[in-house]
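Engineer: Here's my sequence, what's the structure:
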Amino acid sequence: EMLICPMKIIAFVYTLFVRLLSKMKSLNMPITSISVIACTAQQHGSVYMQQKSKKSRVLLGKGPSWQDATTKKECETIQKRVKTIVDITGNAVYERFSGPQIKKRIPRLKHIQNLRIHLISSFVTEFMCTNNVAIDVTDGSGMNLMNIQTGRYDKACMQAVVEDSNVDLEVALGGQPKSPLEIAGHVAPWLQHLGLSSS
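Structural biologist: Numbers count the residues shown, from 1 in each chain. Coordinates of the predicted model:
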C-alpha cells in the first residue's frame, strides 16, 4: 500500500503558508487584501476521521495516496455491481480512485460513529477554514462515485462501495458535492494569526 500521513499534509500546508506570507510581507505585498484561497485537484488521496464534535476530529491513521494500486478486487466488485459505471461517472473503475479505496477500508471503518471521509483537497480546505467542508464537483468526478451529468453522487455506485455495511457514505463524505466556486468558509484562526483577514 502507498499511504499518506494526514499530519504531514497539515505540517506541509502550514509551512507553505508561513513561507509564502513571510515572503509577501518582505516584498511589502498587502496580505490583508487576499480575499480567496482555493485548494483543488487532489482527488486520489483520501483521509479518514471520526468527528467527535463540530470542531473536534480524530484522524484514523494513514490514508491511501494516488499511487496506491492494491484495490484490484474492489474494482472488479464495483464493476460487476454497476456495469454502466463508465456511462454514469465518465470513468472506468481505477485502483487509485477513492471509491475502490473507500470500499477496501469499509470493513475496518463500518463501526466508527460519525465517520468522516475527505479527499486531500477537502481535508486541506477544512483545515484552512472554520466549517465542515464537502468535496467539490471537480474532485468528486474522479472518485467512481459521482454522476457526471448531475454532479451528485450516484446511489448505485455508492451502494456498490458500502454494500451491506450500513455506512451512510453521503454523510461520511460531507454531503453532496459542492461547486468549486462556492465559498467554503472564513479562514481559520491559525491563518488569521499569520496575517490574513478573517473575512
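Engineer: pretty sure Tyr48 contacts Lys110?
Structural biologist: No: the pair Tyr48 / Lys110 is not scored as a contact, 11.9 Å apart, by Cβ atoms under 8 Å. The way it works is simple: take the backbone N, C-alpha and C, and place the C-beta from them, glycine included.
Engineer: So for those two, which residue has more residues nearby?
Structural biologist: Per other Cβ atoms under 10 Å, whichever of Tyr48 and Lys110 has more neighbours is Tyr48, with 24 against 14.
Engineer: gap between the more buried one and His193?
Structural biologist: Tyr48 sits 28 Å away from His193, going by Cβ to Cβ, to the nearest Å.
Engineer: and the residue positioned nearest the centre of the chain, bridged to which residues?
Structural biologist: For the chain, Leu119 is the residue whose C-alpha lies nearest the centre (Cα atoms, centre = their mean; 1.8 Å). When assigned by DSSP bridges, Leu119 has beta-bridge partners Ser46.
Engineer: Quick one: residues contacting it.
Structural biologist: Listed by Cβ atoms under 8 Å, 6 or more residues apart in numbering, the contact partners of Leu119 are 42-47, 98, 135, 139-140, 143.
Engineer: how about these, which pair is most distant?
Structural biologist: For the contacts of Leu119, with distances taken as Cβ to Cβ, the pair at the greatest spread is Val47 and Gly140 (14.9 Å).
Engineer: residue ranges with poor pLDDT in the protein?
Structural biologist: Residues of the chain that meet the criterion pLDDT under 70 lie in 40-43.
Engineer: farthest residue from the center of this protein?
Structural biologist: Asn28 (34.3 Å).
Engineer: quick one: it from Gln192, how far?
Structural biologist: Taking Cβ to Cβ, one finds Asn28 at 20 Å from Gln192.
Engineer: do Phe17 as well
Structural biologist: The gap separating Phe17 from Gln192 is 11 Å, by Cβ to Cβ.
Engineer: Comparing the two, which residue is more hemmed in?
Structural biologist: Neighbour tally, Phe17 and Gln192, criterion other Cβ under 10 Å: the higher count belongs to Phe17, 18 against 14.
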